[in-house]
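Asker: Sequence and computational prediction follow.
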Amino acid sequence: MVKYTGKGVYGAVAIGRISVFRKPDAQVKRIHIEDTPAEKARVAAAKEAAAGQLQALYNKALKEVGETNAQIFEIHIMMLEDEDYNESIENIIESQSVNAEYAVAVTSDNFAEMFSSMEDTYMQARAADVRDISNRLIANLTGTASSVTGSGEKMIVCADDLAPSETVSLDKDKVLAFVTAHGSSNSHTAILARNMNIPAVIGAGDEFLTNIKDGDEAIVDGYTGEIFIDPDEQTRSALVSKQRADEEKKRLLQELRGKDNVTLDGRKINIYANIGSVDNIGAALLNDAGGIGLFRSEFLYLENSDYPTEEQQFSVYKRVLESMSGKKVVIRTLDIGADKQVDYFNLKKEENPALGYRAIRICLTRPDIFKTQLRALFRASVYGSLGIMFPMITSVSELERILAICDEVKTELKEQGVSVPDSTEIGIMIETPAAAIISDRLAPMVDFFSVGTNDLTQYTLACDRQNPDVEQFCDTHHEAILRLIEMSAENAHKNGAWIGICGELAADTTLTETFLRMGIDELSVSPSFVLKVREAVRNLDLSK
Ligand code: PEP
Ligand code: MG
């Protein structure tokens, strides 16, 4: 038995086998080759395998997400057969006597660059498709195609690190737990693991990744951050008991379903759920969430290989609202950039991505994307109780611009005969110190605030949430953060707005009393934490 230790980010125990998630090597090497016909034959075999994989993905998507979303795989199959693309690969192999991987990588770069430089946004987005099919070909050529999708058994997925886009593309039905060698606990990958309700450990180290292999037996303890490879009998039986106790605890919490979120002295609070996709609604309802306090709409963009259309978005938002049957649903507008990268947006590499071109900054400079989303949201709003929330606000003028665009979109819709109820609430995230400090100016302009403690912490304490080395300097209970939240709560209430917290800190039950004493009206947490927070609220007595 060998033990490794990382940081547990979702407490639960998983017992199973390891599947190493391998990314295609970003650094494809140029190798001199004598036998060029053999290289071309390798490309043909890789292409045949890719076509089979894409057909399987098409069939799966058709069943799970419908024809419109599945079409992208048909496009990929067609691109794989594109004459110019294939000729370019063969020419490079032949004329330069180089390996197939290198020829595919160069062709991919050339074609992607050509698409990116086109005026038409549809054609620009094809750059990401060319990269996608080329990566698939390279993975097939190097034998590094992810093994996660291959096996029928649920596996413990181990990776160097996982980008949010990679995490969402994993087949959730086959993931028993996550372990990454790197990563930080506030990253979106960690948040996704919590939302998906699966044990997760991050930062297990390079040695862990070097020493494990596909099929190894392992136990992941998401509470302690320990991973046991080839566990001995004693460890196994201890962890099986822990797993059972854990399930029992969760079963007991289920008894709180249907009960009020009320303190012993009668103070009520809303406890909502954070979700990243329609798939998480079941978990939100199962855990008796009073609403959705944060729907991270960017995952819709991350799961797609092209800009989701107004119709696609409308049908997703409508489904979320209908599934919640009139309970509040707060949908946050697109928050990409920083760690959440979407290829087809073709965003530039930045020195300081967290301080860069992200979230509302993209929306305000690309109104076509923003308006498409707002149209879909306002159209869907008749199906329930919608709150639209804007991320990364730093100034009054930004909010003025946003509200003007909302008015424009609503007017356009009304002129087209679409009914837009006035009851749709408008809110902003308080996730920059600037927003908290000027919350007295922002509050009269909105219906609600929701505090994003993940970013508020990173910006207030100058600690990159992606960087595990600074995690020890990142005190999430820091007085500065609590004061900013308190100040925002006071300003919200003075102006008749409500205030919630939707960052990860909302689930920290050691702070529940503090938040309630500040007057926080709503806590929005991963679905699996709703009942735990309810339990904490019900044990509090604020009269003392
Ligand atoms: C936050 O910053 O706290 C938040 C809820 O948003 P995200 O984690 O998606 O950046
Ligand atoms: Mg944020």
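Answerer: Now that the structure is in, tell me what you want to look at. Ligands and ions are numbered 1, 2, ... in the order given.
Asker: Show me how the protein divides into domains.
Answerer: As given by automatic domain parsing, the domain ranges for the chain are 24-142, 259-426+503-538.
Asker: Determine how far the shortest one lies from the middle of the whole chain.
Answerer: In terms of Cα atoms, centre = their mean, to the nearest Å, the centre of domain 24-142 is found 26 Å from the chain centre.
Asker: same check, this time on the longest one
Answerer: Mean C-alpha position of domain 259-426+503-538 versus that of the full chain (Cα atoms, centre = their mean) differs by 13 Å.
Asker: Do me a favour and get the end-to-end distance for it?
Answerer: Terminal residues of domain 259-426+503-538 are spaced 9 Å apart (Cα to Cα, to the nearest Å).
Asker: And for stretch 513-530?
Answerer: With Cα to Cα as the measure, stretch 513-530 spans 16 Å from end to end.
Asker: residues contacting Ile438?
Answerer: Ser395, Val396 (Cβ atoms under 8 Å, 6 or more residues apart in numbering). Any C-beta I mention is one placed from the backbone N, CA and C, and that applies to glycine too.
Asker: and the next element down the chain from the longest strand belonging to the chain?
Answerer: Counting by DSSP state E, the longest strand found in the chain is strand 13-20. Using DSSP states H and E, the helix or strand that follows strand 13-20 in sequence is helix 36-65.
Asker: What is the strand or helix carrying Ile369 packed up against?
Answerer: Secondary structure from DSSP H and E places Ile369 in helix 367-380. Counting by 3 or more Cβ pairs under 8 Å, 6 or more residues apart in numbering; DSSP states H and E, the packing neighbours recorded for helix 367-380 are helix 310-323, helix 360-365, strand 385-390, helix 396-415.
Asker: Under the pLDDT cut-off, which ranges of the stretch 151-300 of the chain? List them.
Answerer: 151-152, 165, 168-169 (pLDDT under 70).
Asker: Tell me the bridge partners for whichever residue of it sits closest to ligand 1.
Answerer: The stretch 151-300 of the chain approaches ligand 1 most closely through Arg296 (5.4 Å), counting by Cβ to the nearest ligand atom. Counting by DSSP bridges, Arg296 is bridged to Arg332.
Asker: Use 40 as the first number from now on
Answerer: Sounds good: first residue 40 from here, last item Arg335.
Asker: how far away is the closest residue in space to Lys42 that isn't next to it in sequence from Tyr43?
Answerer: Excluding its sequence neighbours, the residue lying closest to Lys42 (Cβ to Cβ, 6 or more residues apart in numbering) is Phe267, at 5.4 Å. Computed as Cβ to Cβ, to the nearest Å, the Phe267 to Tyr43 distance reads 8 Å.
Asker: Met363 too?
Answerer: 41 Å.
Asker: Near Gln497, how many other residues are there?
Answerer: Gln497: 23 surrounding residues under other Cβ atoms under 10 Å.
Asker: I figured the residue of the stretch 190-339 of the chain closest to ligand 1 was touching Ile314, is that so?
Answerer: Yes - if you go by Cβ atoms under 8 Å, Arg335 and Ile314 touch, sitting 7.3 Å apart.
Asker: Low-confidence regions, the stretch 390-539 of the chain specifically.
Answerer: Answering for the stretch 390-539 of the chain: no residues sit below the bar, that is pLDDT under 70.
Asker: Show me which residues of it sit near ligand 1.
Answerer: Glu470, Gly491, Thr492, Asn493, Asp494 (Cβ under 6 Å from any ligand atom).
Asker: Inside strands: which ones of those residues?
Answerer: Using DSSP E, none of those sit in strands.
Asker: Which one of those residues is nearest to Val421?
Answerer: The closest of those to Val421 turns out to be Gly491 (Cβ to Cβ; 27.8 Å).
Asker: what's the distance between that closest one and ligand 2?
Answerer: With distances taken as Cβ to the ion, to the nearest Å, Gly491 is found 4 Å from ligand 2.
Asker: give the contact list for that residue.
Answerer: Counted by Cβ under 8 Å, 6+ apart, Gly491 has contacts Pro430, Met468, Ile469, Glu470, Cys541, Gly542.
Asker: Repeat the analysis, applying 10 Å as the threshold.
Answerer: If you count contacts by Cβ atoms under 10 Å, 6 or more residues apart in numbering, Gly491 has them with 333, 371, 374, 428, 430-431, 467-471, 474, 497-498, 540-545.
Asker: Weed out the non-buried ones from the residues you listed.
Answerer: For the contacts of Gly491, a burial check counting by 16 or more other Cβ atoms under 10 Å picks out 333, 371, 374, 428, 430-431, 467-471, 474, 497-498, 540-545.
Asker: Provide the secondary structure category for the residue in the stretch 40-189 of the chain positioned nearest to ligand 2.
Answerer: Closest contact between the stretch 40-189 of the chain and ligand 2, by Cβ to the ion, is at Val48 (16.8 Å). Secondary structure state of Val48, per DSSP: H, G, I helix; E, B strand; the rest coil, is strand.
Asker: Skip the chain neighbours and tell me the closest residue to it.
Answerer: In space, Val48 is closest to Ala229, 4.1 Å off (Cβ to Cβ, 6+ apart).
Asker: Correct me if wrong: that neighbour contacts His221.
Answerer: No - with contact defined as Cβ atoms under 10 Å, Ala229 does not reach His221; the gap is 11.6 Å.
Asker: Most proximal residue of the stretch 140-289 of the chain with respect to ligand 2?
Answerer: His227 (9.1 Å).
Asker: Over to the stretch 240-389 of the chain?
Answerer: Asp374 (6.3 Å).
Asker: dump the residue contacts of that residue.
Answerer: Asp374 neighbours (Cβ under 10 Å, 6+ apart): 227, 335-338, 340, 397-399, 401-402, 428-431, 468, 470, 491, 494.
Asker: Make sure I have this right: it is in a helix.
Answerer: No - according to three-state DSSP, Asp374 belongs to no helix; its state is coil.
Asker: how close does it sit to ligand 1?
Answerer: 6 Å (Cβ to the nearest ligand atom, to the nearest Å).
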